[in-house]
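*Asks:* Any chance you could fold what I've pasted below:
(one chain, ligands or ions: 2)
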Amino acid sequence: MNHTAPTYAAGLAVLVLTLAACGEREPPARPIAPAPAVSTPATAAADDAYDVTKMDFKTPPAVLSSERHTGPFASGDALSLGALLKPLQPAQVKEIRLDTTHKIIEIAPGVKFSAWTFGDQVPGPAVRARVGDRIKFTMTNRSDEPAPGVQMTAAPMMHSMDFHAAMVSPQDKYRSIAPGQTISFEFTLNYPGVFMYHCGTPMVLEHIASGMYGMVVVEPRGGYPTKVDREYTVVQSEFYTRPDPTKRKLDGQPLHVLDNDRLRSKQPNYTVFNGRYNGMVDVPLQAKPGERVRLFVLNVGPSNTSSFHVVGTIFDRVWMDGNPDNQFRGMQTVLLGSSSGAIVEFIIPEAGSYVMVDHHFANAAQGAVGLIAAGGPGGDPEHHNIPATATPDNAQAVAGKLAFESKCLACHSIGGGDKLGPDLLGTTQRHDDLWLARWLKSPEEMLKTDAKAKAMLEKWKIAMPNQGLSDEEVKQYLAYFKWADAHVKKP
Ligand code: CU
Ligand code: CU
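*Replies:* Residues are numbered from 1 along each chain as shown. Ligands and ions are numbered 1, 2, ... in the order given. This next block holds a predicted model:
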């Protein structure tokens, strides 16, 4: 329905007035007024977990120094470095250090990426605390420290820390600091949730896409209303990479750097859980039949959504943004925008391998897949259109595999039998490189002139379409076919 013109005009007037009021508003004077009791009975106010008059917004100014920290890049009892989330530490004050570094990380087999980090890892360590806890945070910008033996990280630069779990002045606490500088600030956690932290230095998009993010879990004051057997964190994020234009290599493998064109057009080439392509397929999370599993899920983005799903079970509870007051029951997926979090809980009904995916399957095909191993026969984690194939050991073949799975899977398999077109296993033994390259590049020309190509059309009846591949893409396909012919078993 269209609103009438007068209503629209009135709405605009209200908006303009509101904006004007915002511009003039003074900082709120303490004590902060309670929310107006519109529909809540006065007696309920005493139990209100969101009574802002009882929250703690007091925080001294951030402290900046030129003292350089030289110890570990991450420290604090409240930190967990991997998917396994450590139990809550009882101390009410939680001291945390997350230094920034520049580092080469491996985001897929053979894909070395020039990353920027918190705590020297991507994602940064997860922080676990509870409502009422005081976070005392310190960070040294150590982006100018060369990693041993590596001279190919990005130039040192300004970095900062932005905690979505905090309520503080961004201009004070989230300011950028130079290499060699240290910033400290503190705040009290007032709301429960699964929150993102990230670098907020412009261009924020580049700093997040380079790896500067992590999760803060804030439990409700009284803990969660359910008991679980397992707790894991799953951080989804995108990588936008291209081979280093200056062709630098590390351990014989090409270095990959941020691809700004992909970044700005929201076209990642990897979408991953916990920083690695198919990472939790290679190292599954553990559980047992009958157990209740709690996953703390965060979609970092920076630009795409996640439709998080676990194959073979249903989310008994979903707490949006990780707050049990935002509860859904019996959900199949949870849709997370960039920087949205959730806690999902489910039962493992029987022995099996439960596949975690982003149900946007284009994202899953870029690596957003993981497994919960709950006993039973092993077997391939095949699901929907994700073929249960091993991952090639070099970047060119990995790129070829990704391209194959997005463009060719409808008509071809590799080792899975003939489809509309032939099974391509053994193709590098049937044809030489030159022939394959010409065939991939211009099949219509080959069909006019080449006897082998003519014979194939005779047999299969359908002409292979020209995919408009670049020379680089043709090389990637060949690398993948060669890898497959050496590694994929004949059915
Ligand atoms: Cu940064
Ligand atoms: Cu943010």
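
*Asks:* which residues in the stretch 101-250 of the chain form helices?
*Replies:* Listed in chain order, the helices of the stretch 101-250 of the chain (DSSP state H, counting those that start in this stretch) span 170-173, 204-209.

*Asks:* Let me know which of the ones you listed is tucked in deepest.
*Replies:* helix 204-209 (a mean of 21; mean count of other CB atoms under 10 Å). C-betas here are computed from N, CA, C, even on glycine.

*Asks:* distance of the closest residue to Asp259 other than its chain neighbours from Phe113?
*Replies:* Counting by CB to CB, 6 or more residues apart in numbering, Arg242 is the residue found nearest to Asp259 once chain neighbours are left out, at 4.0 Å. Distance, Arg242 to Phe113, by CB to CB, to the nearest Å: 10 Å.

*Asks:* tell me, what's touching the two both at once?
*Replies:* 256-257 (CB atoms under 8 Å, 6 or more residues apart in numbering).

*Asks:* And the pLDDT for Gln151?
*Replies:* Gln151 carries a pLDDT value of 64.

*Asks:* go on, Thr226?
*Replies:* Looking at Thr226, the pLDDT reads 98.

*Asks:* start the count at 38, not 1, going forward
*Replies:* Fine by me, first position is 38 from now on; the one you just mentioned is Thr263.

*Asks:* That one reaches Arg329, doesn't it?
*Replies:* Yes - counting by CB atoms under 8 Å, Thr263 touches Arg329, with 7.1 Å between them.

*Asks:* quick one, which of those two is more surrounded?
*Replies:* For Thr263 versus Arg329, neighbours defined as other CB atoms under 10 Å are more numerous around Arg329 (16 against 13).

*Asks:* Leaving out sequence neighbours, find the closest residue to that one.
*Replies:* Val265 (4.6 Å).

*Asks:* Give the burial count for the one you found, as a bare number.
*Replies:* By other CB under 10 Å, 14 other residues sit near Val265.

*Asks:* Next up, phi/psi of it, please.
*Replies:* When read as degrees, to the nearest 10, the backbone of Val265 gives phi -130, psi 160.

*Asks:* picking that back up, count the neighbours of the residue nearest to Asp296 for me.
*Replies:* 13.

*Asks:* Show me what it is bridged to.
*Replies:* Beta-bridge partners recorded for Arg279 (DSSP bridges): Val294.

*Asks:* measure it to ligand 1 for me?
*Replies:* 20 Å (CB to the ion, to the nearest Å).

*Asks:* What of Trp153?
*Replies:* Counting by CB to the ion - Trp153 and ligand 1 are separated by 6 Å.

*Asks:* Not including adjacent chain positions, what is the nearest residue to that residue?
*Replies:* Using CB to CB, 6+ apart, the closest residue to Trp153 is Ser247 (4.2 Å).

*Asks:* in this protein, what residue is nearest ligand 1?
*Replies:* Using CB to the ion, the single residue of the chain nearest to ligand 1 is Cys236, 3.0 Å away.

*Asks:* ok, now which ones touch that residue?
*Replies:* Cys236 neighbours (CB under 8 Å, 6+ apart): 137, 153, 155, 196-199, 244-245, 249-250.

*Asks:* give me phi/psi at it?
*Replies:* phi -80, psi 140.

*Asks:* Show me what from the stretch 238-387 of the chain comes close to ligand 1.
*Replies:* 238, 244, 249 (CB under 5 Å from the ion).

*Asks:* Now do the same for the closest residue to the second one other than its chain neighbours: its pLDDT.
*Replies:* Yep, that's His244 we're talking about. Distances taken as CB to CB, 6+ apart place Cys236 nearest to His244, at 3.9 Å, with adjacent residues excluded. We have a pLDDT of 98 for Cys236.

*Asks:* Spatially, which residue comes closest to Ala120, not counting chain neighbours?
*Replies:* In space, Ala120 is closest to Tyr269, 4.8 Å off (CB to CB, 6+ apart).

*Asks:* is it true that the one you found touches Leu322?
*Replies:* Yes - with contact taken as CB under 8 Å, Tyr269 and Leu322 are classed as touching, separated by 5.1 Å.

*Asks:* check contacts around Val148.
*Replies:* With CB under 8 Å, 6+ apart, Val148 has these contacts: 278, 290, 293, 307, 314, 432, 435.

*Asks:* roughly how far apart are the fifth one and Glu275?
*Replies:* In this structure, Tyr314 lies at 11 Å from Glu275, with CB to CB as the measure.

*Asks:* These two: which is more packed in?
*Replies:* Higher neighbour count among Tyr314 and Glu275: Glu275, with 27 against 24, using other CB under 10 Å.

*Asks:* quick one: contacts for that one?
*Replies:* 246, 305, 307-309, 337-341.

*Asks:* Skipping adjacent residues, who's closest to it in space?
*Replies:* Pro305 (3.6 Å).

*Asks:* Hmm, the one you found is touching Phe276, no?
*Replies:* Yes - counting by CB under 8 Å, Pro305 does reach Phe276; the two are 5.9 Å apart.

*Asks:* quick one: which of those two has more around it?
*Replies:* Phe276 (29 against 24).

*Asks:* Tell me the bridge partners for the closest residue to Val348 other than its chain neighbours.
*Replies:* Once flanking residues are discounted, Val348 sits nearest to Val392: 4.1 Å by CB to CB, 6+ apart. Counting by DSSP bridges, Val392 forms beta bridges with Leu408.

*Asks:* which residues sit against stretch 458-465?
*Replies:* Contacts for stretch 458-465 (CB under 8 Å, 6+ apart): 445, 448-454, 473, 493, 497, 499, 501, 515, 518-519, 521-522, 525, 527.

*Asks:* before we move on, the earlier item: distance of the residue nearest to Glu275 relative to Ala440?
*Replies:* For Pro305, the distance to Ala440 - CB to CB - is 14 Å.

*Asks:* got it, and Gly412?
*Replies:* Gly412 is 36 Å from Ala440, where distance means CB to CB.

*Asks:* Same question for Gln369.
*Replies:* 30 Å.

*Asks:* same thing with Met317?
*Replies:* Met317 is 23 Å from Ala440, by CB to CB.

*Asks:* do the same with Pro429
*Replies:* Applying CB to CB to Pro429 and Ala440 gives a distance of 12 Å.

*Asks:* joint contacts of these two?
*Replies:* Tyr517.

*Asks:* ok, the two, which is more surrounded?
*Replies:* Between Pro429 and Ala440, counted using other CB under 10 Å, Pro429 has the larger neighbour count: 23 against 16.

*Asks:* and the more buried one, what element?
*Replies:* Assigned by DSSP states H and E, Pro429 belongs to neither a helix nor a strand.

*Asks:* Hmm, it is touching Leu439, no?
*Replies:* No - Pro429 is not in contact with Leu439 according to CB under 8 Å; the separation is 9.9 Å.
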